[in-house]
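Colleague: Okay, sequence plus prediction incoming.
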Amino acid sequence: MLSLFSHLRRRPLEHPALRQSRSGLPVIRVDDYPTGVRPLLADLDSVHQVLQAIEDRGLAYHLGIVPARLTEAMSAHLATLRHMIPVVHGYDHGLRFTPLLEAAGDPLNQRRTVGEFDEFEGQSFESIKARLAEARRLVEERLRCPVTGYIPPCNRAGRSTGRALAETGYTHYFSERRIPGCPLPGLASVFYGRSDRYRPGSRRPKVVTLHATWEADLLRDGDERSLARLLDHLSAGAARA
C-alpha cells in the first residue's frame, strides 16, 4: 500500500510518482548521489555501476542528487543516463559532519559516528529558502532539465523547510517522514534499505528506496547478486505492466 502524505484539505495535489505506480511500474528512489554525509569516494565507478544496473533493465528511477557535491564530470555522466529522473537531495547533505567521520576513522559511518540529522535545523526561514532555491538552480543548470522533486537528507526536515519548498518551485517530495507544514504531496517507501535485505515475494513493493552509497559498498565487497535480484524482481513486474 502506498503511503501518500498530503496536507491540503481541498483538492489534494497528486504525487507524480503515483501515476507511474498506477501503470504497474515500480517507483524506484535512489538517494545519496554522489555521496551523503560520507567523504566523497576518489573513484565513483562502483556508484555508477549501481545506476547502470538500473539503466540496463530500462527502469525509471528518481535519483537524489546532492547539489553542492555535484561536479561537471558527474553532471556529464548523469547526462548519459536515459531513465534517471533527477531529484534535489538537500543542499550539501551535512557536509559539516564529514570531518567527524574522518577524524573518528569511520569514513563509511559504519559505527554510526554521525546519526540522523535535519540539514537545515537552526537556520532561518530565509536562509533555508535561499539554499533550496540555489539547490534547484544548480541541478537544473548542470543537467539542463527542470527539477521539482525533493528528498530531505535522513528523511528529516522541519516546518520552515516545508514552507520553503512550496515557495521555491518544488512540487513534491519523497520521505519516510511527513514534512510538517508542507502543502506538497510526499511519498514514503514500502521497502527502504540495502538490496541484500530485500526478500522477493509474490507481491512487489510499489515504492523502493535504495542508496547509491550502500549499494556501492555491496559491490565493492563482492556482492553483485543482491542488487541484481532486487532489480530483476521489479523489472519482471514492470514487463507485465
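Modeller: Received it, and whenever you're ready, just let me know what you need.

Colleague: Outside of stretch 157-168 itself, list whatever touches it.
Modeller: Contacts to stretch 157-168, defined as C-beta atoms under 8 Å, 6 or more residues apart in numbering, come from residues 118-121, 123-125, 128-129, 132-133, 136, 150, 152, 173, 175, 177, 179-184. Where C-beta positions appear, they are placed from N, C-alpha and C, glycine not excepted.

Colleague: Can you flag the buried ones in those?
Modeller: Buried members of these, counted by 16 or more other C-beta atoms under 10 Å: 118-120, 123, 128-129, 132, 136, 150, 152, 173, 175, 179, 181-182, 184.

Colleague: Would you mark the buried spots in stretch 165-179?
Modeller: For stretch 165-179, a neighbour-count test (16+ other C-beta under 10 Å) marks 165, 168, 170-175, 178-179 as buried.

Colleague: pLDDT weak spots in this structure?
Modeller: Along the chain, segments meeting pLDDT under 70 span 1-13, 21, 202, 238-241.

Colleague: The same query, at a cut-off of 50, please.
Modeller: Applying pLDDT under 50 to the chain flags residues 1, 5-11.

Colleague: For stretch 172-185, C-alpha coordinates in CSV please.
Modeller: Extracted in CSV, the C-alpha atoms of stretch 172-185 (Å, rounded to 0.1, in the frame of the first residue of the first chain):
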residue,chain,number,x,y,z
HIS,A,172,6.5,17.1,-4.5
TYR,A,173,8.8,15.2,-2.1
PHE,A,174,9.9,11.7,-1.1
SER,A,175,10.4,11.0,2.6
GLU,A,176,9.8,8.3,5.2
ARG,A,177,8.5,11.0,7.4
ARG,A,178,6.0,13.7,6.7
ILE,A,179,7.5,17.2,6.4
PRO,A,180,5.4,19.3,8.8
GLY,A,181,3.8,22.4,7.4
CYS,A,182,4.5,21.4,3.8
PRO,A,183,1.5,21.6,1.4
LEU,A,184,3.2,19.5,-1.2
PRO,A,185,2.4,15.8,-1.6
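
Colleague: All set, thanks.
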